[in-house]
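>>> Have a look at this prediction, sequence included:
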2 protein chains.
Amino acid sequence: MLIVKKFGGTSVANKERIFNVAKRCIEDYKKGHQVVVVLSAMGKQTDVLLDMAKDINPKASKRELDMLLTTGEQTSVALMAMAMDALGVPAVSLNAFQVAMHTTSVYGNSRLKRIDTERIHAELENRKIVVITGFQGINKFDDYTTLGRGGSDTTAVALAAALHADACEIYTDVDGVYTADPRVVKNARKLSAITYDEMLDLATLGAGVLHNRSVEMAKKYGVQLVVRSSLNNSEGTVVKEEVKMEKMLVSGVAVDKNVARIAVIGLQDQPGVAFKLFNHLANHNINVDVILQSVGRDGTKDITFSVTADDCDEAVEIVKRHGEGSLKCQSIDVEKNVAKVSIVGAGMMTNPGVAAKMFEALYDENINIKLIATSEIRVTVIVDLKDVERAANAVHEKFQLGE
Amino acid sequence: MLIVKKFGGTSVANKERIFNVAKRCIEDYKKGHQVVVVLSAMGKQTDVLLDMAKDINPKASKRELDMLLTTGEQTSVALMAMAMDALGVPAVSLNAFQVAMHTTSVYGNSRLKRIDTERIHAELENRKIVVITGFQGINKFDDYTTLGRGGSDTTAVALAAALHADACEIYTDVDGVYTADPRVVKNARKLSAITYDEMLDLATLGAGVLHNRSVEMAKKYGVQLVVRSSLNNSEGTVVKEEVKMEKMLVSGVAVDKNVARIAVIGLQDQPGVAFKLFNHLANHNINVDVILQSVGRDGTKDITFSVTADDCDEAVEIVKRHGEGSLKCQSIDVEKNVAKVSIVGAGMMTNPGVAAKMFEALYDENINIKLIATSEIRVTVIVDLKDVERAANAVHEKFQLGE
């Protein structure tokens, strides 16, 4: 078997952890498997490098930032190869040039285009463990690029696809995907399997064990993922196309507290109003999440949407500026102490009663719903921040996710 | 003009120094010159990385050590490009892959074979300052290699040769090459010029402002070097083929205190004895410096040689082992508290009285000479450690080097 294993920065933060990871990889190697390991930079090294750069030049070019940041993963992979060697197993570290990992031209947030597999296969044939830098690539100018947030996950999935790996294991500090955040919902249960789409929705909703882009890529290339803990040997959660058998209506409950709700009230009811509003926000790089448009009084309409709490003040500022100008709204209403609760499940698509059941759970707990949005496989509500944990637990129990 | 400027680790050890270097480079850039900058890793970063490696695996492979160490220079060049950018001058950093710098295959102590100049010229044509990682290269396997001690100097000289640069400036923490170590000889004088051969002998003799390999390469390709201080704007010393005009008999006095003298007495006078002795030492990586063979008593011969003080005990151990066995010597005599004093000068070649003049200076000071060795352009004596400063001053004065 050819196995791709990805470990994040926390898993290689110091000598002891490096050796832990080395030992886990060697276990598989000794079973006769071919092992490819993808690593992030050690601990907070990426932040340390970013701080160094900021100190020298707060507006450093992304090209030079990538040149700087890529040293982080190169350090990890070299030390890991040394650790494996110390444990008596031959290993070789490779960076983006050596593989090579070809990406789009853009710096700081590049996308993988093509991975050469010749060198990796040759090293595997020589019975070496191949340790590869995550997060980084090279572009057509022969410059380093980085893949943005969650980049190392994406590297691992892309490698698994390119190498036709039999397994792609993503090691994190949690031991799998849960029906809800165990810190919020006491009897949250680890899922043995989940579909790509469910995982995508969970990632978007802030239960992000895996980054969206890596899940999207896994889905596109049919790479079956396993999310496992780097700290223990438990089974983890499989992410794949079809979750057979005991397919549940709802897979999990996600909570996101980094939310603010903004209502733009009394907009003129004419074409292009929504476009203009959200275009202004997009131009300032503000991500809008749930959007709801409703009919207002006297031929006007109201548009309510949520943003991350961090973006709230800037969003309000922008809406005010344009609301008083071209958009001509009557008032703006902002609520900061709110949170999102979502249920996600591929089974929902064919099961109309799911949303109602969620609302019932909240009603039973006397929790007021401020905004509702649904997609094919999820239902999201916005509630008061103070109610969110109660809401998550109520919903979790209603769907009997803990059993 | 195309100028290659090389700065060592001390010169880029922190933010302030990085900006100092950036400013010096920008001065030349603003005069319309094309500027290529070669950097070492920041401060003690290479040692920090070596310690990390040693902690993980004391016997780490040289291949992985090079993979680790090359992150040091990459960090320097990225930060330097950011600093120049912050000062309003476009700069681009390049590592060994990006240039590319082709070396021999060996890790840890590789030799440069070929430098591609296409990318560098293209960036220079775009009016960018090009900041290049010193010390590192890539081999035919597409692996990082490092050039060993003094590697960044070698990178700078090789780049100057490949780019047909008009100048190659090596910045150090001293402001040039002196007639003697100013800490030892009070009225030591900075030389305005020195020949490659003199510089080579000075480097070998422990007055190493420049590493031997870089001087050898400069000589081979006719690259004129300037050794300058990164701390002030003084003129520095030019290293070139012919030093015209006021060509001096003696250019400088070098002192080396890291010396021990070993005499192997009463060896059988037969072929192969010297070969065997020094072959045993070479097999243990012990560098032998001055060698003297003299006729001993009763058809035997004595061989006396010097090694660095650090290697002394091991060397004695090896000589004893073989001296009692195959070499059959009568006794071994070791003196640790000795030092080397050398005079160097291209003018010596055609001037037979130079050595005698040196011995006279030492005789006048009543300093006993323990060993003498000469080459075409130098005379080296070994004296008691306690006498060395007096000896250096006496010789310096005898040749009127301070004037």
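Thanks, I have the structure now. Numbering: from 1, shown residues only, chains lettered A, B, ... in the order given.
>>> Name the residues that touch the host helix or strand of residue A:357?
According to DSSP states H and E, residue A:357 maps onto helix A:354-364. By CB atoms under 8 Å, 6 or more residues apart in numbering or on different chains, the residues outside helix A:354-364 that reach it are A:249-250, A:343, A:345, A:347-348, A:369, A:372, A:374, A:379, A:381, A:383, A:391, A:394-395, A:397-399. Yep, even glycine has a C-beta here, placed from its N, CA and C like the rest.
>>> at 10 Å what do you get?
A:249-250, A:253, A:341-343, A:345, A:347-348, A:351, A:353, A:367-369, A:372, A:374, A:377-381, A:383, A:387, A:390-391, A:393-399 (CB atoms under 10 Å, 6 or more residues apart in numbering or on different chains).
>>> Which of those are buried, as a ChimeraX select command?
In ChimeraX, a selection of the buried entries from the contacts of helix A:354-364 looks like this (16 or more other CB atoms under 10 Å in any protein chain shown):
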select /A:249,250,253,341,342,343,345,347,348,367,369,374,377,378,379,380,381,383,387,390,391,393,394,395,396,397,398,399
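>>> List the buried residues of the helix holding residue A:357.
A:354-355, A:357-359, A:361-362.
>>> pLDDT added to the residues you listed, as CSV?
Shown next, in CSV, are the buried residues of helix A:354-364 (pLDDT from 0 to 100):
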residue, pLDDT
A:354, 81
A:355, 81
A:357, 85
A:358, 87
A:359, 87
A:361, 89
A:362, 89
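>>> Counting neighbours, what do you get for the closest residue to residue A:200 other than its chain neighbours?
Nearest residue to residue A:200 in three dimensions, chain neighbours excluded: residue A:215, at 5.1 Å (CB to CB, 6 or more residues apart in numbering or on different chains). For residue A:215, the count of nearby residues is 30 (other CB atoms under 10 Å in any protein chain shown).
>>> so residue A:215 makes contact with residue A:221?
No. Between residue A:215 and residue A:221 there is no contact under CB atoms under 10 Å: 11.3 Å.
>>> Overlap in contacts, those two.
Counting by CB under 10 Å, 6+ apart, the contacts common to residue A:215 and residue A:221 are residue A:157.
>>> And the helix or strand harbouring residue A:281, what's buried?
Secondary structure assigned from DSSP H and E places residue A:281 in helix A:273-283. Residues of helix A:273-283 classed as buried under the neighbour-count rule (16+ other CB under 10 Å) are A:273-274, A:277, A:280-281.
>>> what are the phi and psi angles of the nearest residue to residue A:179 once chain neighbours are set aside?
With sequence-adjacent residues excluded and distances taken as CB to CB, 6+ apart, residue A:179 is closest to residue A:401, at 3.8 Å. Backbone dihedrals for residue A:401, given as degrees, to the nearest 10, come out at phi -70, psi -20.
>>> Please apply the same query to residue A:121.
Dihedral angles (degrees, to the nearest 10) for residue A:121: phi -60, psi -40.
>>> Find the nearest non-adjacent residue to it, please.
Distances taken as CB to CB, 6+ apart place residue A:163 nearest to residue A:121, at 7.5 Å, with adjacent residues excluded.
>>> got it, and residue A:98?
In space, residue A:98 is closest to residue B:142, 5.3 Å off (CB to CB, 6+ apart).
>>> burial of the one you found, as a residue count?
Using other CB under 10 Å: residue B:142 sits among 15 other residues.
>>> same deal with residue A:118?
9.
>>> if I pick it, what's in contact with it?
So residue A:118 contacts A:99-100 (CB under 10 Å, 6+ apart).
>>> If I follow the layout properly, residue A:22 ends up in contact with residue A:85?
Yes. Look at residue A:22 against residue A:85 with CB under 10 Å: they come within range, at 9.1 Å.
>>> can you list residues touching both of those two?
In contact with both residue A:22 and residue A:85: A:91, A:129, B:56, using CB under 10 Å, 6+ apart.
>>> Next one: the residue in the stretch 201-350 of chain A that chain B sits nearest to, what pLDDT does it get?
Residue nearest to chain B within the stretch 201-350 of chain A: residue A:230 (17.8 Å; CB to the nearest CB). The per-residue pLDDT reported for residue A:230 equals 84.
>>> Count the residues that sit near it.
Neighbour number of residue A:230 under other CB under 10 Å is 22.
>>> As a check, name the ranges of all helices in chain A.
In chain A, the segments counted as helices under DSSP state H are A:15-30, A:45-56, A:62-86, A:96-99, A:118-125, A:151-162, A:196-204, A:212-221, A:273-283, A:312-324, A:354-364, A:388-398.
>>> between those helices, which gets nearest to residue B:320?
For residue B:320, the closest of the helices of chain A is helix A:62-86, at 34.5 Å, according to CB to CB.
>>> Next, the buried residues of the closest one.
So helix A:62-86, judged by 16+ other CB under 10 Å, has buried residues A:63-86.
>>> next one: stretch A:124-134
A:124, A:128-134.
>>> if we can go back for a sec, I'd say the residue nearest to residue A:121 and residue A:119 touch.
No. Under the criterion of CB under 10 Å, residue A:163 is not in contact with residue A:119, lying 11.5 Å apart.
>>> Report the set of residues contacting both of these two.
Joint contacts of residue A:163 and residue A:119 (CB under 10 Å, 6+ apart) are residue A:130.
>>> Which one of the two is surrounded by more residues?
residue A:163 (20 against 16).
>>> Could I get the CA-only coordinates of stretch A:347-360 as CSV?
Backbone C-alpha positions of stretch A:347-360 (Å, rounded to 0.1, in the frame of the first residue of the first chain) are rendered in CSV as follows:
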residue,chain,number,x,y,z
GLY,A,347,-29.7,12.5,4.5
MET,A,348,-31.5,15.8,4.7
MET,A,349,-31.9,16.1,1.0
THR,A,350,-34.6,13.5,0.8
ASN,A,351,-36.1,14.2,4.2
PRO,A,352,-38.3,17.3,4.4
GLY,A,353,-39.0,17.2,8.2
VAL,A,354,-35.5,17.8,9.3
ALA,A,355,-35.6,21.6,9.5
ALA,A,356,-38.9,21.5,11.4
LYS,A,357,-37.5,19.1,13.9
MET,A,358,-34.6,21.4,14.6
PHE,A,359,-36.9,24.4,15.1
GLU,A,360,-38.9,22.2,17.5
